[in-house]
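task: produce atomic coordinates for the following.
(one chain, ligands or ions: 1)
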Amino acid sequence: MMLKTFKYRLYPSGAQAQQLAETVEACRRWYNLCLEERQQAWEQEKRKVGKYEQLAKVKEHRRVDPKAGKIHSHILQVVVQDLDKSFQAFFRRAKAGETPGYPRFKGRNRFDSFGLKEYGNGFKLDGRRLRITGIGRVRVRWHRKMEGEIKTLRIRRQAGQWYACFACEVEGQLLPSTGKEIGVDVGIHHLLATSDHEIVENPHWYREEESKLRVLQRRVSRRKIGGTNRQKAVMGLQGQHEHIANRRKDYLDKLANYLVTNYDRIALEDLHITGMVRNQHLSKSILDAGWGYLKQRLVDKAVEAGRQVVLVDPSYTSRTCCSCGETFAELSLADRWVACTCGLSMDRDVNAAHNILKRAGHALWGESTANRLRLPQEALPL
Ligand SMILES: [Zn+2]
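All right, here's what the predicted structure looks like:
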């Protein structure tokens with residue numbers, strides 16, 4: 001069993017939209033209160049305030065704050081869980097030797113969702129509508145069929161629109177074995193290159209959408225700060241960002257689908273995206289390509305379908321001959337082709353893809369790999 005998210009646009013009435021906004025605002029204040037409590041307890045008494053301690057305070061908070069009193073207690077409990085998650089992430093990263101940012105207080109524009117955690121308790125489907133306690137029966141656009149059993153709900157505001165995200169428990173559908181495996185290199189020039197000599201370019205529409213973005217950006221900066229017209233322009237800009245993100249996701253989803261359908265085993269580089277994105281020259285293409293998103297989609301889909309994703313050490317994949325193992329002299333990003341004394345001559349990224357696949361093979365040497373699921377954290381880096 002696994003969780004799958006289904007997202008739908010909501011069409012609340014004016015009064016319902018008002019209620020949704022007030023709920024988000026009440027959650028934001030509660031989030032900041034809980035954060036403040038944790039901070040003060042630590043600064044003044046060196047005491048850690050935990051999740052359960054704060055969950056127990058939801059009742060009291062609902063009694064003293066009339067706005068909070070109007071919303072379902074689960075919604076406020078989920079806020080505590082969210083805050084706890086960001087603390088867990090903070091501690092985890094600090095432990096790993098990174099320099100994580102301490103969880104922050106949320107300003108009005110930095111908080112835009114709330115959650116419910118039990119179907120039938122605070123939310124349920126009511127005919128074609130979604131009933132949320134305290135808000136009412138909200139109209140939904142069911143553009144795709146939901147599958148499985150609804151577990152939790154998250155309501156989100158994005159670019160001024162409301163959405164419902166249902167997490168549903170579904171059964172994974174194992175795909176039939178194809179007996180094929182593939183190495184995938186994520187490129188700077190191409191979106192990706194594979195050991196089957198396929199090269200996928202970045203989607204051509206991207207630049208076009210981006211220039212629209214620049215026009216909208218200029219419109220925002222010309223309008224007076226604080227004015228209604230600026231507010232409208234900001235909405236337009238956010239809408240365009242959203243549109244590009246959706247289009248890119250759609251594109252990458254199809255790509256991930258293609259790979260998972262056609263290959264039993266997919267080898268990828270274990271790239272440290274944050275490190276690479278800091279490099280100015282490379283950053284644009286990598287972000288454009290949505291590498292992190294693609295990797296996550298591949299892993300998720302692989303788990304669902306009973307496929308295997310193997311992450312390998314990325315060092316020297318471009319600079320090693322995939323045929324004889326010779327190391328080439330330093331390549332510049334402009335060198336698109338590699339030729340080796342052994343006679344090998346091919347696109348540099350395809351050569352890299354071959355090396356990636358080879359490393360995945362070595363990583364699993366001696367293991368039975370038939371139909372085993374492998375999550376990235378279990379993958380064996382060389
Ligand atoms: Zn060679």
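
mind checking how far whichever residue of the stretch 151-300 of the chain sits closest to the ion is from Lys358?
Nearest residue of the stretch 151-300 of the chain to the ion (CB to the ion) works out as Ser195 at 15.7 Å. C-beta: built from backbone N, CA, C; applies to glycine. Look at Ser195 and Lys358: by CB to CB, to the nearest Å, they are 9 Å apart.

who touches both of these two?
Common contact partners of Ser195 and Lys358 (CB atoms under 8 Å, 6 or more residues apart in numbering): Gly183.

who's more crowded, the two?
The residue with more neighbours, out of Ser195 and Lys358, is Ser195; 22 against 18, by other CB atoms under 10 Å.

tally up the residues packed near the nearest residue to Asp349 once chain neighbours are set aside, please.
Leaving aside its chain neighbours, Asp349 sits nearest to Ala193 (3.5 Å; criterion: CB to CB, 6 or more residues apart in numbering). By the measure other CB under 10 Å, the count of residues near Ala193 is 26.

quick check: Ala193 is in a strand.
Yes - assessed by DSSP: H, G, I helix; E, B strand; the rest coil, Ala193 belongs to a strand.

list the contacts for the nearest residue to Pro314 once chain neighbours are set aside?
The shortest distance from Pro314 to any non-neighbouring residue, by CB to CB, 6+ apart, is to Glu269 (3.8 Å). Residues near Glu269 by CB under 8 Å, 6+ apart: 185-186, 311-314, 317, 356.

in those residues, which residue is surrounded by the most others?
Ile356 leads the contacts of Glu269 on contacts (other CB under 10 Å) with 30 neighbours.

dihedrals phi and psi, it?
Main-chain torsions, Ile356, degrees, to the nearest 10: phi -60, psi -40.

for Leu333, same thing?
Leu333 adopts backbone torsions of phi -60, psi -20, taken as degrees, to the nearest 10.

next, count neighbours for it.
12.

what does Leu252 give?
Leu252, neighbours per other CB under 10 Å, totals 21.

quick check, pLDDT for it.
For Leu252, the pLDDT comes out at 88.

am I right that it is in a helix?
Yes - under three-state DSSP, Leu252 falls within a helix.

burial count for Arg248?
Neighbour count of Arg248, defined by other CB under 10 Å: 20.

surely the residue of the stretch 151-300 of the chain closest to the ion and Ile356 touch.
Yes - assessed by CB atoms under 8 Å, Ser195 is found in contact with Ile356 at 7.2 Å.

between these two, which contacts overlap?
Taking CB under 8 Å, 6+ apart as the contact rule, Ser195 and Ile356 both touch 183-184.

re the thing from before, mind listing what the residue nearest to Asp349 touches?
The neighbourhood of Ala193, defined by CB under 8 Å, 6+ apart, consists of 184-185, 187, 199-200, 347, 349-350, 352-353.
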